[in-house]
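*Asks:* Structure for the following, please:
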Amino acid sequence: MIRDNTKKIQIGTKTIGGGSPIMIQSMTNTKTEDVHATVAQILQLEAAGCDIIRCAVPTMEAAKALKEIKSRIHIPLVADIHFDYRLAIAAMEYGADKIRINPGNIGSMERVKAVVDVAKERNIPIRVGVNSGSLEKPILEKYGKVTAEGIVESALQKVKMIEDLGYDNLVISIKSSDVKMCVHAHELIAGKTKYPLHVGITESGTITSGNIKSAIGLGLILNQGIGDTIRVSLTGNPVEEIKSAKLILKTLGLRTGGISVVSCPTCGRTEIDLIGLAERVETMVTRYDHLNLKVAVMGCVVNGPGEAREADIGIAGGKGEGLLMKHGEIIKKVPEEQLLNVLEEELKNWGK
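*Replies:* Purely as a prediction, here's the structure:
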């Protein structure tokens, strides 16, 4: 596996690369200067299973806020900086565990060096990020348009710039909203560098389109053994990014534990609010990540027991009522409105 051969990088209390478990990341969409709102969102993301969190640092006030934010959260904090090298330095001074920069838009070599010197002094990793929309004019002229080859060349140029300054505590991120281009770029760069790769499909879209693009793109990349940490970028509540990332990793067999929910697509026999019930079950089971179970949510009592046989536990709805099942065996019948509570009670006492 390519992933096993990448360089190990320490980000606060987490390690990525070198065969370490793939870390799930997200990014806050609050104003970083609003410490209360930002901390509240990060704690929600932690509860959902986020391993590493990134915050935008567009102002000096935001950089200063990192100190208080970090003191109130429990996962590594990454500062995302563009254009102003002084913000990158301040973010590190105020406690960022990693910084994300594009050396191409930070400014002169002297300014890049000033950032690298502080990172080196504090042994803070730098994520070198290049997006397809930010390629330099010479790269675009060389390839005639945005290409996977151009994205890789641009990223490796930025990496060499920092290496030449005597620093190699680096993570690389190359992203595009074009799924096939993004996949190809990762295939190319995986054979050219040993630095761990942060993988994602940038600007992928809303919950529906973003999930489809991310599942296809991340699936194709990760299934080749490429990628050490991931973010599913969605336009919406970032908690949804964590749910999607966990499901992608579980589906690929790259993460175990936690509850997998399977549900039927509904049909004319469905006589309960199966869609609403399945959504509530998916939300509820996130509180039981210590269990490694399959939960089935089925829409009718005709086929429900049979369809749920491969699940550890399941519920199947009938007309205003439903069945609770374990390993396909019917345990009890309860009113529809009690199905969720009965299922959760079973999960609370699982294994006791």
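
*Asks:* residue contacts, the residue most central in space within the chain?
*Replies:* Nearest to the mean C-alpha position of the chain, by Cα atoms, centre = their mean, lies residue 231 at 3.1 Å. Contact analysis of residue 231 by Cβ atoms under 8 Å, 6 or more residues apart in numbering lists 24, 25, 26, 27, 198, 199, 200, 241, 245. For the C-beta atoms, the positions are set from N, CA and C on the backbone; glycine is no exception.

*Asks:* try 6 Å this time
*Replies:* Contacts here follow Cβ atoms under 6 Å, 6 or more residues apart in numbering; on that basis residue 231 touches 25, 200.

*Asks:* Residue 90 should be in a strand, yeah?
*Replies:* No: the assignment for residue 90, made by DSSP: H, G, I helix; E, B strand; the rest coil, is helix rather than a strand.

*Asks:* Low-confidence stretches in the chain?
*Replies:* 1-3, 204, 266-273, 300-309, 352 (pLDDT under 70).

*Asks:* quick one, helices of it?
*Replies:* 35-48, 60-71, 85-93, 103-106, 109-122, 137-143, 148-163, 179-190, 207-222, 238-251, 274-285, 304-307, 339-348 (DSSP state H).

*Asks:* count of neighbours near residue 108?
*Replies:* 9 (other Cβ atoms under 10 Å).

*Asks:* What separation do you get for residue 24 and residue 224?
*Replies:* With the distance defined as Cβ to Cβ, to the nearest Å, residue 24 ends up 19 Å from residue 224.

*Asks:* Of those two, give the one with the bigger neighbour count.
*Replies:* More crowded of residue 24 and residue 224, by other Cβ under 10 Å: residue 24, with 24 against 15.

*Asks:* can I assume the more buried one is in contact with residue 243?
*Replies:* No: Residue 24 sits out of contact with residue 243 when judged by Cβ atoms under 6 Å, with a separation of 10.0 Å.

*Asks:* just to revisit the earlier point, reformat the helices of the chain as a markdown table; add mean neighbour count and distance to residue 259.
*Replies:* As requested, the helices of the chain are exported to a markdown table (neighbours: other Cβ atoms under 10 Å; distance: least, Cβ to Cβ, whole Å):
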| stretch | mean neighbour count | distance to residue 259 |
| --- | --- | --- |
| helix 35-48 | 18 | 13 |
| helix 60-71 | 19 | 30 |
| helix 85-93 | 22 | 37 |
| helix 103-106 | 20 | 42 |
| helix 109-122 | 17 | 39 |
| helix 137-143 | 13 | 45 |
| helix 148-163 | 20 | 37 |
| helix 179-190 | 20 | 29 |
| helix 207-222 | 19 | 19 |
| helix 238-251 | 21 | 10 |
| helix 274-285 | 17 | 4 |
| helix 304-307 | 18 | 18 |
| helix 339-348 | 16 | 8 |
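
*Asks:* Let me have those helices in a markdown table, extended by distance to residue 128.
*Replies:* Listed next are the helices of the chain as a markdown table, based on distance: least, Cβ to Cβ, whole Å:
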| stretch | distance to residue 128 |
| --- | --- |
| helix 35-48 | 24 |
| helix 60-71 | 20 |
| helix 85-93 | 12 |
| helix 103-106 | 7 |
| helix 109-122 | 11 |
| helix 137-143 | 15 |
| helix 148-163 | 5 |
| helix 179-190 | 11 |
| helix 207-222 | 18 |
| helix 238-251 | 22 |
| helix 274-285 | 36 |
| helix 304-307 | 48 |
| helix 339-348 | 43 |
